[in-house]
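Asks: I would like the atomic coordinates for the input below:
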Amino acid sequence: MSKKPKTEPEEAKKPLEEEPVEEAPEETAEESESPAPQEDPTEALGKKLAEMNDRYLRTLAEYDNFRRRSQKEKDALYGDTKAETIAKFLPVIDNFERAAAAEGDFESYKKGVEMTVGQLKDVLKSLGAEAFGEKGEPFDPKLHNGVMHEENDELGENTVSDVFLKGYKMGDKIIRHATVKVAN
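Replies: Numbers count the residues shown, from 1 in each chain. Here you go, the predicted model:
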């Protein structure tokens, strides 16, 4: 038997050929820094100005709308508050009209008026108004309007000796100063 030497397939016998690698052409410094088309500085500033002007006009329009809406709400609130206040006084007016139309003696008439005045004071209290200015209080020029003075040894100095008109306030706001006579 004759031995045949082992042979390799023909593909294996071929020497490996190197495939040519395509090299990228070398870039020159001038080509790598190719400038993007630059805008004219005047055009850039013009665009920026137009953008800022648009923002300004939009902000101005928003503010104007806010101002009008706020004024409308304020006017509506004023009208509503005014109507509510008037509605609270209507029962008092009704009682005065009944008292004026009633027949009877002076005492019952006086009692009806006193009750109506009490009702009126209750309405003022419900609205947050409180009366001040009583005889014997110390005189305070921030609260009282002194229109007369008298010498009175029984009362101390700068003491309210008589009240002509009571004062009214809501919280710290004076609605009307009390008109008083002051003892010196």
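Asks: which element follows the helix or strand of the chain with the lowest mean pLDDT toward the C-terminus?
Replies: Every helix and strand of the chain was ranked by mean pLDDT, DSSP states H and E. The lowest is helix 29-32, at a mean of 51. Helices and strands here follow DSSP states H and E; after helix 29-32, the next one along the chain is helix 41-101.
Asks: I'd like the distance from that next one to the chain centre, please.
Replies: Remark: helix 41-101 is offset 11 Å from the chain centroid, using Cα atoms, centre = their mean, to the nearest Å.
Asks: now for that helix, which elements pack on it?
Replies: helix 106-126 (3 or more Cβ pairs under 8 Å, 6 or more residues apart in numbering; DSSP states H and E). C-betas here are computed from N, CA, C, even on glycine.
Asks: ok now the helix it packs on, how far from the chain's centre?
Replies: Distance, centroid of helix 106-126 to centroid of chain: 39 Å (Cα atoms, centre = their mean).
Asks: what does stretch 120-136 give?
Replies: 30 Å.
Asks: which other residues reach it?
Replies: 85, 88-89, 92, 143-144, 155, 159-163, 165-171, 175, 178-180 (Cβ atoms under 8 Å, 6 or more residues apart in numbering).
Asks: can you check stretch 71-86 too?
Replies: Contacts of stretch 71-86 (Cβ under 8 Å, 6+ apart): L127.
Asks: Next: stretch 170-184.
Replies: With Cβ under 8 Å, 6+ apart, stretch 170-184 has contacts from 127-130, 132-133, 139, 142-152, 155-169.
Asks: same thing with stretch 95-111?
Replies: Contacts for stretch 95-111 (Cβ under 8 Å, 6+ apart): G112, V113, M115, T116, Q119.
Asks: Just the buried ones from these?
Replies: G112, T116 (16 or more other Cβ atoms under 10 Å).
Asks: Could you dump the contacts of stretch 95-111 into a markdown table with distance to E103 and pLDDT added?
Replies: Listed next are those as a markdown table, based on distance: Cβ to Cβ, whole Å; pLDDT from 0 to 100:
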| residue | distance to E103 | pLDDT |
| --- | --- | --- |
| G112 | 12 | 85 |
| V113 | 15 | 87 |
| M115 | 17 | 90 |
| T116 | 17 | 90 |
| Q119 | 21 | 92 |
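Asks: How much space separates G133 from S161?
Replies: As for G133, its distance to S161 is 12 Å (criterion: Cβ to Cβ, to the nearest Å).
Asks: ok so, going back, with distance to D75 as extra columns, can I get the contacts of stretch 95-111 in JSON lines?
Replies: Rendered in JSON lines, the data for the contacts of stretch 95-111 read as follows (distance: Cβ to Cβ, whole Å):
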{"residue": "G112", "distance to D75": "39"}
{"residue": "V113", "distance to D75": "37"}
{"residue": "M115", "distance to D75": "37"}
{"residue": "T116", "distance to D75": "33"}
{"residue": "Q119", "distance to D75": "31"}
